[in-house]
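**Student:** Task: produce atomic coordinates for the following.
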Amino acid sequence: MKFRSLFVAALVTVACGSAWTEPLGLPPVPIPADNPQTPEKVALGDRLFHDPSFSADGKVSCATCHAQARAFTDNLPVSTGFDGRTGTRNAPTVINSAYMTTLFWDGREPDLEGQSKQPPVNPVEGGLADHTPILAVIRDDAGYVAGFESVFGVDAGEITMDHVAKAIASFERTVISGDSPFDRYYYGGEPGAMTEQQVRGLDVFVNKGRCVSCHTIEQTQALFTDNRFHNIGVGFKRIRGKEQETAEHFVKAKREGADVDIAVLTEKRVSELGRFAVTENITEVGAFKTPTLRNIELTAPYMHDGSVATLEDVIEFYNNGGRDTDRDPLSGFLSGGIRPLDLTEAEKQELVAFLKALTSPDLYRFTDR
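**Tutor:** Numbers count the residues shown, from 1 in each chain. This next block holds a predicted model:
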């Protein structure tokens with residue numbers, strides 16, 4: 001895969017006030033009013049994103065679980081963090097996370113700034129008790145101090161985690177990609193950009209497969225996510241028959257001060273509660289955020305728990321109506337649109353081929369590593 005830099009475009013936008021055109025198929029990147037993009041801030045966030053010093057063993061950075069070489073994932077079922085500990089969730093790609101209206105599989109953070117603060121202080125990720133060591137490292141590093149002073153106008157003693165979070169989020173907002181064969185076919189008017197099999201797969205995606213119901217395609221753009229939460233049956237077996245008991249246990253612990261971020265990454269049964277852990281809405285038990293399908297070919301394994309190994313397996317799971325096989329019992333909490341698809345073998349292959357047409361030739365990012 002080739003890599004193109006967003007830095008020049010960002011520099012022109014900031015310095016000259018000219019508009020930068022997003023890759024084909026993507027809308028303008030949403031930028032918070034209180035955290036405008038600048039090349040210097042993006043460069044600072046880039047360094048912070050790749051710095052392993054902000055973990056208890058000095059070995060885990062954001063890039064550990066979201067590596068450029070792996071399409072900003074780690075290609076593991078669940079991520080490995082501090083001291084080799086593993087959690088319960090698969091690392092979603094950072095690519096196009098700028099367009100997400102909530103972060104994490106259960107949507108417990110509303111923005112990239114809030115999301116970036118949590119991993120360092122999670123016992124199975126960064127392993128720190130609090131953010132104090134992060135600020136100590138930064139304040140003791142002349143390069144960091146100069147960077148924060150240049151970007152935020154603060155001296156060493158005034159650097160806060162809000163500044164750190166804003167810089168990391170700014171870098172992450174440059175990690176976007178579009179211009180895939182699908183985009184060139186659908187939005188660019190290039191009939192030959194997709195193969196005939198992929199074109200047939202697009203038809204299955206939109207019609208018989210009903211994939212577009214959640215993985216949205218719009219008239220001028222396609223994020224391939226509705227940014228909503230659905231129970232598709234993944235993880236159901238772990239709490240089958242114990243849904244209410246698990247939910248009540250978690251709510252009680254939450255009332256007593258349990259940290260949601262820690263609970264969902266350290267307790268497998270709690271992890272399967274999905275969006276319920278945030279909203280306590282019983283209709284959202286087992287509901288997880290719809291992931292983008294862009295570059296899905298590069299981000300295996302799949303689902304919130306990394307339990308589905310290949311795209312072929314994903315299609316089979318949906319074809320069986322949210323079950324590993326058509327003989328498994330159904331979850332009582334399935335979202336309404338999840339039901340058997342009755343796809344033929346040819347249609348399954350066409351659908352997989354289409355998903356591979358969502359792989360971008362370039363990742364638009366700040367700098368190559």
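
**Student:** Spell out which helix or strand contains K348, please.
**Tutor:** helix 345-356 (DSSP states H and E).

**Student:** Hmm, F104 and A277 touching each other?
**Tutor:** No. With contact defined as Cβ atoms under 8 Å, A277 does not reach F104; the gap is 10.1 Å. Just so you know, the C-beta spots here come from the backbone N, C-alpha and C atoms, and that holds for glycine as well.

**Student:** These two - which one has more neighbours?
**Tutor:** A277 (24 against 21; other Cβ atoms under 10 Å).

**Student:** any idea how far the more buried one lies from C65?
**Tutor:** A277 is 20 Å from C65, where distance means Cβ to Cβ, to the nearest Å.

**Student:** same thing with E248?
**Tutor:** Remark: distance between E248 and C65 (Cβ to Cβ) = 32 Å.

**Student:** How about F148?
**Tutor:** Separation of F148 from C65 (Cβ to Cβ) stands at 25 Å.

**Student:** just F317 next, same as before
**Tutor:** From F317 to C65 the distance is 24 Å (Cβ to Cβ).

**Student:** more crowded one of these two?
**Tutor:** C65 (24 against 21).

**Student:** what number of residues lie near the spatially closest residue to P340 that is not a sequence neighbour?
**Tutor:** Closest residue to P340 apart from its sequence neighbours, by Cβ to Cβ, 6 or more residues apart in numbering: G321 at 4.0 Å. By the measure other Cβ under 10 Å, the count of residues near G321 is 17.

**Student:** Give me the phi and psi for G321.
**Tutor:** phi 70, psi 40 (degrees, to the nearest 10).

**Student:** show me where the stretch 51-200 of the chain has helices.
**Tutor:** Counting by DSSP state H, counting those that start in this stretch, the stretch 51-200 of the chain has helices at residues 62-65, 112-116, 132-139, 142-152, 161-172, 181-186, 196-206.

**Student:** Would you tell me which of the ones you listed gets closest to G336?
**Tutor:** G336 sits nearest to helix 196-206 of all the helices of the stretch 51-200 of the chain, at 18.7 Å, using Cβ to Cβ.

**Student:** mean confidence for that closest one?
**Tutor:** For helix 196-206, mean pLDDT rounds to 98.

**Student:** Okay, buried residues for that helix please.
**Tutor:** 197-202, 204-205 (16 or more other Cβ atoms under 10 Å).

**Student:** wait, what's in contact with the residue positioned nearest the centre of the chain?
**Tutor:** For the chain, P92 is the residue whose C-alpha lies nearest the centre (Cα atoms, centre = their mean; 3.6 Å). Contact analysis of P92 by Cβ atoms under 8 Å, 6 or more residues apart in numbering lists 73, 105, 291, 299.

**Student:** Not counting residues beside it along the chain, what's closest to the last one?
**Tutor:** What it means is T299. Going by Cβ to Cβ, 6+ apart, T299 has T73 as its nearest residue, at 4.8 Å.

**Student:** contacting residues for the one you found?
**Tutor:** 65-67, 90-93, 298-299.

**Student:** Let me have these in TSV, adding distance to E272 and pLDDT as columns.
**Tutor:** Listed next are these as TSV, based on distance: Cβ to Cβ, whole Å; pLDDT from 0 to 100:
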residue	distance to E272	pLDDT
C65	20	96
H66	23	97
A67	27	95
N90	13	97
A91	18	97
P92	17	96
T93	22	97
L298	26	96
T299	21	97
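
**Student:** Show me the shaky parts of this structure.
**Tutor:** The chain contains residues with pLDDT under 70 at 1-20, 363-369.

**Student:** the strands in it, which residues?
**Tutor:** Using DSSP state E, the strands of the chain run over 2-5, 229-230, 288-289, 362-365.

**Student:** Okay, angle between the helix holding K348 and helix 196-206 too, please.
**Tutor:** 90 degrees (axes from the mean of the first three to the mean of the last three Cα atoms, to 10 degrees).

**Student:** packing partners for helix 345-356?
**Tutor:** helix 196-206, helix 311-319 (3 or more Cβ pairs under 8 Å, 6 or more residues apart in numbering; DSSP states H and E).

**Student:** Recalculate using a threshold of 10 Å.
**Tutor:** helix 181-186, helix 196-206, helix 311-319 (3 or more Cβ pairs under 10 Å, 6 or more residues apart in numbering; DSSP states H and E).

**Student:** possible to save the ones you listed as TSV with distance to T132?
**Tutor:** As requested, the helices and strands packed on helix 345-356 are exported to TSV (distance: least, Cβ to Cβ, whole Å):
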stretch	distance to T132
helix 181-186	45
helix 196-206	48
helix 311-319	42
